[in-house]
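# compute the structure for the input listed below.
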Amino acid sequence: MKQPKQKFSIISLGCARNLVDSEVMSGMLQRDHYEMVQEPADADVVLINTCGFIDAAKAESIDTIVDISRLKQEGTLRKLVVAGCLSQRYPHELATELPEVDLFIGTGEIPRIVNILEEHERNQSRRHYVGIPEYLYDHVTPRLRSTPSYTAFLKVSEGCDHKCAFCIIPKLRGPHRSRSIESVVKEATMLAQSGVKEINLIAQDLTAYGRDRKDGTTLYGLLNELVHVPDLVWIRLLYAYPNFLDSPLLELIDKSEKICKYIDIPFQHVSAGILRSMRRGKSGSAVQATVEKLRESISGLTLRTSLMVGFPGKTEEDFQALLDFVEKTRFERVGVFKYSIEEGTAAASLADHVDEEEKERRWQEVMDLQASISRVKNEALIGSIQRVMIDGTDETGQLIGRTQGHAPEVDGVVYLQNPARLKSGDFGEVKITEALEYDLIGKIQHV
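Reported below is the predicted structural model:
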């Protein structure tokens with residue numbers, strides 16, 4: 001008698017890079033005759049792909065594990081698997097604290113997910129599968145995408161070689177390793193053929209793409225091939241470090257109709273002393289020069305950055321320099337993180353840690369400043385015509401979309417006032433009529 005398929009559900013936490021890992025695990029499980037279900041309560045196996053980057057992310061991961069473990073107590077769940085960065089970082093500590101979890105799988109074990117589950121069926125005494133991360137998926141790897149049909153994340157490399165004092169990512173993800181241009185272009189072509197119109201290129205360090213291969217592979221070379229993929233409309237660059245932003249690359253971004261005039265570049269700070277302590281490899285003047293070069297080189301650029309408040313040793317003078325930088329630079333998008341002590345990083349041993357109340361004050365001050373800047377920039381768009389990709393409706397039923405200056409999930413949206421015969425993934429010309437702090441409101445003119 002044929003055994004019924006085991007049902008699985010995946011909960012993906014953290015960044016888009018983690019999401020791609022979850023999609024790959026889903027693809028591999030489905031290929032090997034597992035059946036995917038949306039609700040964990042309906043699954044035989046639940047995988048939680050965790051984030052272990054900062055305190056807030058770790059707390060969310062633990063809360064999710066505890067919440068899902070109740071399904072085991074109720075007897076509806078056979079196997080609970082914790083994968084990803086948290087497992088990579090704390091496999092033995094988690095096993096002690098969370099006996100209800102059956103398996104802990106590291107970031108490098110993704111391609112073995114099916115074999116690990118089968119092996120655990122035979123020998124349930126082993127709970128850890130955590131090694132040195134070396135894995136990198138390619139265009140032939142099964143992948144079951146969870147994003148809308150018209151947009152996708154495409155991971156071009158994995159790992160990181162930077163030595164930032166606050167960051168644990170190199171220990172969680174391993175050294176930087178890049179896919180070939182051929183592999184990325186083949187995947188992009190398959191995605192476009194399946195209906196994807198927007199590709200968001202992701203990596204721990206996008207601008208370092210290809211350098212590890214030592215065969216002439218660069219981000220410029222990759223983009224120069226991707227712009228020729230038929231049916232792709234938008235190509236967006238996410239997580240681009242300041243390194244290797246040379247003039248040919250910026251000129252290509254500026255001139256290409258397919259490459260979004262959007263760069264996400266994590267500066268973290270501008271104070272020279274803090275940047276040295278962070279081991280960022282850029283001086284404050286170099287940060288300013290990079291911004292000026294980007295603005296001058298790419299017409300209509302939407303510039304997004306990540307900033308950190310509360311790093312050890314940061315004085316009020318350093319914080320004021322950060323505020324002045326935000327005020328002067330007037331980024332279109334800013335993400336602000338509060339520093340958290342991460343064991344195993346160089347910053348953990350620094351003196352003069354900032355207390356939580358002060359971190360909160362500084363975070364709020366930067367956020368308030370950026371909100372006012374964002375509103376002014378949005379108000380400047382009133383009356384303009386913007387090309388908008390339809391994203392469906394929000395939870396209230398309001399039709400929404402995004403310009404090329406809005407990355408999925410992390411930025412605002414355009415609320416569309418008038419109904420139109422458009423479906424998700426379609427494009428329309430929209431006249432902006434109102435502006436909010438982070439969102440726009442407009443009317444569809446024509447498609």
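# what about residue 405, how many neighbours?
By other C-beta atoms under 10 Å, the residues close to residue 405 number 23. All C-beta atoms are positioned from the backbone trio N, CA, C, and that covers glycine.
# which residues touch the closest residue to it other than its chain neighbours?
Distances taken as C-beta to C-beta, 6 or more residues apart in numbering place residue 302 nearest to residue 405, at 3.6 Å, with adjacent residues excluded. Listed by C-beta atoms under 8 Å, 6 or more residues apart in numbering, the contact partners of residue 302 are 260-263, 332-333, 404-405.
# of the residues you listed, which is the nearest to residue 219?
Closest approach to residue 219 among the contacts of residue 302 (C-beta to C-beta): residue 263, at 11.3 Å.
# I'd say that closest one and residue 240 touch.
Yes - counting by C-beta atoms under 8 Å, residue 263 does reach residue 240; the two are 5.6 Å apart.
# if any of the contacts of residue 302 are buried, give me the PyMOL selection for them.
To isolate the buried ones among the contacts of residue 302 in PyMOL, judged by 16 or more other C-beta atoms under 10 Å, type:
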select buried, resi 260+261+262+263+332+333+404+405
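# filter the contacts of residue 302 down to just the ones in strands.
Taking DSSP state E, the ones among these that sit in strands are 260-263, 333.
# I'd like those residues as CSV, with pLDDT and distance to residue 433 appended.
Formatted as CSV, these follow (pLDDT from 0 to 100; distance: C-beta to C-beta, whole Å):
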residue, pLDDT, distance to residue 433
260, 97, 23
261, 96, 23
262, 96, 23
263, 94, 28
333, 96, 22
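# turn those into CSV, including distance to residue 420.
Formatted as CSV, the ones in strands among the contacts of residue 302 follow (distance: C-beta to C-beta, whole Å):
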residue, distance to residue 420
260, 23
261, 25
262, 25
263, 31
333, 27
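# of all those, which comes closest to residue 163?
Within these, the smallest distance to residue 163 is 23.1 Å, found for residue 263 (C-beta to C-beta).
# ok, back up a step: which phi and psi does the residue nearest to residue 405 have?
phi -100, psi 120 (degrees, to the nearest 10).
# low-confidence ranges, this structure, go.
Applying pLDDT under 70 to the chain flags the ranges 1-4, 282-284, 446-447.
# could you pick out the longest helix of it?
Ranked by residue count, the top helix of the chain under DSSP state H comes out as helix 356-379.
# just name whatever secondary elements that helix is in contact with.
Counting contacts by 3 or more C-beta pairs under 8 Å, 6 or more residues apart in numbering; DSSP states H and E, helix 356-379 packs against strand 302-309, helix 316-329, strand 333-338, strand 427-435.
# could I get the ones you listed as a markdown table with distance to residue 122?
A markdown table is the format used below for those (distance: least, C-beta to C-beta, whole Å):
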| stretch | distance to residue 122 |
| --- | --- |
| strand 302-309 | 44 |
| helix 316-329 | 55 |
| strand 333-338 | 43 |
| strand 427-435 | 52 |
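# deepest-packed of the ones you listed, please.
Neighbour counts (mean count of other C-beta atoms under 10 Å) averaged over each of the helices and strands packed on helix 356-379 peak at strand 302-309, with a mean of 22.
# chain center to it: distance?
14 Å (C-alpha atoms, centre = their mean, to the nearest Å).
# same deal with stretch 31-46?
Centroid separation for stretch 31-46 versus its chain: 25 Å, with C-alpha atoms, centre = their mean.
# then stretch 173-182?
16 Å.
# and it, which residues are buried?
Neighbour count says stretch 173-182 has 173-174, 176-181 buried, by 16+ other C-beta under 10 Å.
# tell me the strands beside the following helix or strand past the longest helix of the chain, with direction?
As assigned by DSSP states H and E, the chain's next helix or strand after helix 356-379 is strand 385-393. When pairing is defined by DSSP bridges, strand 385-393 lines up against strand 399-402 (antiparallel), strand 427-435 (antiparallel).
# got the CA positions of strand 385-393 in PDB?
Extracted C-alpha coordinates of strand 385-393, given in PDB (Å, rounded to 0.1, in the frame of the first residue of the first chain):
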ATOM      1  CA  ILE A 385       3.700  60.800 -13.400                       C
ATOM      2  CA  GLN A 386       5.300  57.600 -12.100                       C
ATOM      3  CA  ARG A 387       5.500  54.200 -13.600                       C
ATOM      4  CA  VAL A 388       4.000  51.800 -11.000                       C
ATOM      5  CA  MET A 389       3.900  48.000 -10.700                       C
ATOM      6  CA  ILE A 390       0.600  46.800  -9.300                       C
ATOM      7  CA  ASP A 391       1.100  44.800  -6.100                       C
ATOM      8  CA  GLY A 392      -2.600  43.800  -5.500                       C
ATOM      9  CA  THR A 393      -4.500  45.100  -2.500                       C
END
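# shouldn't residue 294 be within a helix?
Yes - using DSSP: H, G, I helix; E, B strand; the rest coil, the assignment for residue 294 is a helix.
# returning to what we had before: pick the one among the buried residues of stretch 173-182 closest to residue 399.
Within the buried residues of stretch 173-182, the smallest distance to residue 399 is 36.6 Å, found for residue 179 (C-beta to C-beta).
# what residues are up against that closest one?
By C-beta under 8 Å, 6+ apart, the contact set of residue 179 is 136, 138, 155-157.
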